[in-house]
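> how does the following fold in three dimensions:
(one chain, ligands or ions: 1)
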Amino acid sequence: MKPVLLLTLVTGLFAAQAALAADPSDLAKAKNCFGCHSVDHKVVGPAFKDVAAKYAGQSGAENKLANKVVAGGGGVWGGMAMPPNTQVTPAEAHVLVKWVLSQ
Ligand code: HEC
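Numbers count the residues shown, from 1 in each chain. Here you go, the predicted model:
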């Protein structure tokens, strides 16, 4: 009797990982951050460059801001509060805030 050769096809398993490597600005676009923010000028919310300048060198800023992106909040930049961004997971909020703080 001839041996049976089994070929295992694993190609499909790699496809799911590709989406995670995307540019954070694409994530910001997908999560609608640019509906209220721009990198270099105030829209409804502050310019991301101004946010980066305000929190430069502050330890704990990333955690604080990531929580605020998910939960929403106001009182820092003026009259308007940011509504909760419930489409953003805590992990995504950290990716976004890290990117904001690098502007
Ligand atoms: C509906 C409008 C709106 C959307 C959508 C929005 N923001 Fe905001 N954002 C604001 C406003 C208004 C403020 C100012 C809040 C304040 O004064 O405390 C703000 C503030 C911020 C701050 C600074 C917070 C602070 O305490 O200094 C960060 C960081 C931020 N937004 C990130 C994001 C990210 C990332 C997204 C996308 C997931 C997003 N925002 C979506 C309106 C928005």
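> count of neighbours near the closest residue to Lys98 other than its chain neighbours?
Closest residue to Lys98 apart from its sequence neighbours, by C-beta to C-beta, 6 or more residues apart in numbering: Glu62 at 6.3 Å. Where C-beta positions appear, they are placed from N, C-alpha and C, glycine not excepted. Burial of Glu62 is recorded as 16 neighbouring residues (other C-beta atoms under 10 Å).
> near the ligand, which residues of this structure?
For the chain, the residues in contact with the ligand (C-beta under 6 Å from any ligand atom) are 28, 31-33, 35-37, 44-46, 51, 65, 68-69, 73-78, 80-83, 85, 88, 96-97, 100.
> quick check: ChimeraX command selecting the buried ones in those.
Buried residues among these (16 or more other C-beta atoms under 10 Å), as a ChimeraX selection:
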select :28,31,33,37,45,46,51,65,68,69,77,82,85,88,96,97,100
